[in-house]
Structures are given as structure tokens and as C-alpha cells.
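Undergrad: Give me the fold of what follows.
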Amino acid sequence: MATGAPETALAFVRRFQRMVFGIAIAVVDDAQLAEDIAQQTFERAWRHAQVYDSRRGSVKTWLGTITHNLAIDAVRARKATPVSPEDLDALLGVMTRTPEQWALADEAASRIRAAVADLPRQQARAVVMAGVYGMTARQIAELEGIPLGTAKTRIRTAMGKLRKALGPQRADHD
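TA: A predicted model of the protein is given here:
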């Protein structure tokens with residue numbers, strides 16, 4: 001795989017595609033999602049082929065671990081989050097806001113966007129991925145190619161700066 005030759009990649013995928021798809025489908029129970037996970041598995045294996053160490057296990061085991069981890073992450077990401085009655089009341093309250101309340105909410109959103117824009121780029125990216133897109137620190141670390149601790153620090157530091165920048169005013173003006 002390290003050669004980057006297309007025929008090598010094709011042979012590699014053909015050799016392990018059933019196993020990878022089988023692991024993914026067993027975990028996520030969704031064929032389309034399992035296909036996506038299989039694709040991500042092979043992409044990740046291709047990108048990180050240089051870190052594979054045959055002393056730690058076979059290629060089959062390595063791919064199986066990558067697949068299983070991606071599938072578990074996908075299951076976690078799509079799990080429904082139960083809504084508490086208090087949150088439901090707040091959601092219903094949003095639907096009955098007055099024009100003044102909507103204007104205040106727009107103002108709060110503008111303040112938040114400005115505060116995020118003032119953050120260092122790496123911290124802004126991390127806090128947006130976590131806060132807006134709901135990504136875990138682990139997912140951010142993998143996407144950004146950084147250690148997990150670095151992702152956590154970026155999120156925590158950014159949140160602290162946002163708290164300080166936004167002050168005691170809250171985004172909800174009910």
C-alpha cells in the first residue's frame with residue numbers, strides 16, 4: 001500500500017472488503033452507513049499505512065479494529081438524545097416568540113459569531129465542530145490529525161474565552 005499504486009489499492013480493497021463491510025453492518029445495522037464506514041476504513045488505512053506494525057497484529061486485525069471503532073463512533077453519533085420536559089418546554093417557547101424576542105435572539109447569535117471569529121483559528125474550528133456539529137473531541141482529533149488531548153484543550157480554551165467575551169449576558173432573553 002505504501003507504493004500508492006492504484007492496482008495495489010484495488011487488490012487490497014477486494015481482499016478485505018467483505019470482512020470490513022461485515023463488521024460495519026454487524027455494528028450499525030444499516031447497509032448504507034456500513035458502506036460509508038467501509039469506505040472510511042480503507043481511506044484511513046491508506047492514509048496511515050506507514051504506522052501499521054506487523055508485530056502488533058495482522059493487517060486483518062488492524063482493519064477490523066479501524067472498522068469497529070468507526071462503526072461505534074457512527075452509532076454514538078446517531079443515537080437519539082432523550083429530551084427532558086424542561087427542554088421541550090423551552091423548544092415550544094421558541095415557536096411562540098414575539099418579534100422582539102426573535103430580534104434579541106438574532107442579536108445574541110451575532111454576538112456569539114463575533115466572539116468565535118475573534119478566537120484563534122484552531123480554537124474556533126474546534127469549538128464550532130464540537131458545539132455546532134456535535135462532534136466529540138476524539139472525532140475532532142482524528143479529523144484535524146492532532147492528539148486527543150490537544151483537541152480537548154482547544155475546545156476547553158475556546159469555551160473559556162467565549163465565556164469571558166460574552167460575559168454574564170445569556171443568549172436566552174425570556
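Undergrad: Surely residue 13 and residue 42 touch.
TA: Yes - contact status for residue 13 versus residue 42: in contact at 5.5 Å, counting by C-beta atoms under 8 Å. To be clear about C-beta, it is placed using only N, CA and C from the backbone, and glycine gets the same treatment.
Undergrad: So those two - more neighbours on which side?
TA: residue 42 (19 against 16; other C-beta atoms under 10 Å).
Undergrad: Would you map the helices across the protein?
TA: Assigned helices in the chain, in chain order: 6-28, 31-47, 59-78, 85-95, 99-117, 121-131, 137-144, 148-166 (criterion: DSSP state H).
Undergrad: mind listing what's buried in the shortest one?
TA: Put plainly, it is helix 137-144. Going by neighbour count (16 or more other C-beta atoms under 10 Å), the buried part of helix 137-144 is 137, 139, 140, 141, 142.
Undergrad: confidence score at the last one?
TA: Note for residue 142: predicted pLDDT of 85.
Undergrad: give the contact list for residue 132.
TA: By C-beta atoms under 8 Å, 6 or more residues apart in numbering, the contact list for residue 132 is empty.
Undergrad: Phi, psi for it please.
TA: Phi and psi for residue 132, reported as degrees, to the nearest 10, are phi -90, psi -40.
Undergrad: which regions of the protein lie under the pLDDT threshold?
TA: Residues of the chain that meet the criterion pLDDT under 70 lie in 1-4, 80-97, 102, 169-174.
Undergrad: quick one on the thing from earlier: adding distance to residue 53, write the helices of the chain out as a markdown table.
TA: Formatted as a markdown table, those follow (distance: least, C-beta to C-beta, whole Å):
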| stretch | distance to residue 53 |
| --- | --- |
| helix 6-28 | 17 |
| helix 31-47 | 13 |
| helix 59-78 | 9 |
| helix 85-95 | 46 |
| helix 99-117 | 40 |
| helix 121-131 | 29 |
| helix 137-144 | 19 |
| helix 148-166 | 20 |
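Undergrad: tally of neighbours for the nearest residue to residue 165 once chain neighbours are set aside?
TA: Once flanking residues are discounted, residue 165 sits nearest to residue 115: 4.3 Å by C-beta to C-beta, 6 or more residues apart in numbering. Residues lying near residue 115 (other C-beta under 10 Å) number 19.
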